[in-house]
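1. Quick check, what structure comes out for this input:
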Amino acid sequence: MGNRFLALFRATLAALVLGTSAGLATAQEMAVIPNRVIYPGETIEVAALIEVPLRRSSRITSAIAMYVDQIDGMVAKRTLLPGKLIPLSSVREAYLVEAGTPVRVNYVEGALQISTVGVPLQPGAAGDVVRVRNSESGAVLTGTVMVDGTIKVGGL
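-> Numbers count the residues shown, from 1 in each chain. This next block holds a predicted model:
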């Protein structure tokens, strides 16, 4: 009886080990690479990307794009070459405000709301803190770029 139990235990253990390693083999990680050259300042589109199986390497030391939706609509900060992995540090969010292009500047605190036109002194994406010059007074303010492309200054 002891030998039979031991044989059954070994067979069960072998099935678990084989089943586990087979499960790992089918769960292949994917990565995103360009299928053409993407130049700095260019908006990244889905058509310029392909997903490929990722071969892990000790040379991969930074975060890379793992799926297309992660970088679709972002802007390349440097040249991205076909067939090469895309480090997340090489892309940025698209700017909602550009330096020198007038935007609506809002100050809201409680019931008080003041709106004016300002000129950003630097570009910014949603959530970025930028400096903006008030077109009427010339005063330089610091504000946060909102998702609608306006800049919110002061207040909470």
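2. domain parsing for the chain?
-> Following automatic domain parsing, one finds the domains of the chain at 28-92, 103-153.
3. Can you tell me which of the ones you listed has the worst average pLDDT?
-> When mean pLDDT is averaged over each of the domains of the chain, domain 28-92 scores lowest at a mean of 91.
4. any idea how far that domain is from the chain center?
-> In terms of C-alpha atoms, centre = their mean, to the nearest Å, the centre of domain 28-92 is set 10 Å apart from its chain centre.
5. Buried residues, stretch 79-86. List them.
-> Residues L80, L85, I86 are the ones in stretch 79-86 that count as buried (16 or more other C-beta atoms under 10 Å). Where you see a C-beta, it was placed from the backbone N, CA and C, and this is true even at glycine.
6. nearest spatial neighbour of the first one, skipping sequence neighbours?
-> What that stands for is L80. I38 (4.1 Å; C-beta to C-beta, 6 or more residues apart in numbering).
7. Repeat that for the second one.
-> Computed as C-beta to C-beta, 6+ apart, the closest residue to L85 that is not its neighbour in sequence is I64, at 4.7 Å.
8. is it true that G127 lies in a strand?
-> No: G127: not assigned to a strand; according to DSSP: H, G, I helix; E, B strand; the rest coil it is coil.
9. what's the neighbour count on it?
-> Residues near G127, counting by other C-beta atoms under 10 Å, number 11.
10. Test my guess that it contacts I151.
-> No: with contacts counted by C-beta atoms under 8 Å, G127 stays clear of I151, the gap being 11.5 Å.
11. anything in contact with each of the two?
-> Shared contacts of G127 and I151 (C-beta atoms under 8 Å, 6 or more residues apart in numbering): T144, V145.
12. ok, now which ones touch A139?
-> By C-beta under 8 Å, 6+ apart, the neighbours of A139 are R133.
13. Would you enumerate the residues in contact with the residue nearest to V147 when sequence neighbours are not counted?
-> Closest residue to V147 apart from its sequence neighbours, by C-beta to C-beta, 6+ apart: A126 at 4.6 Å. Listed by C-beta under 8 Å, 6+ apart, the contact set of A126 reads E93, L96, V145, M146, V147.
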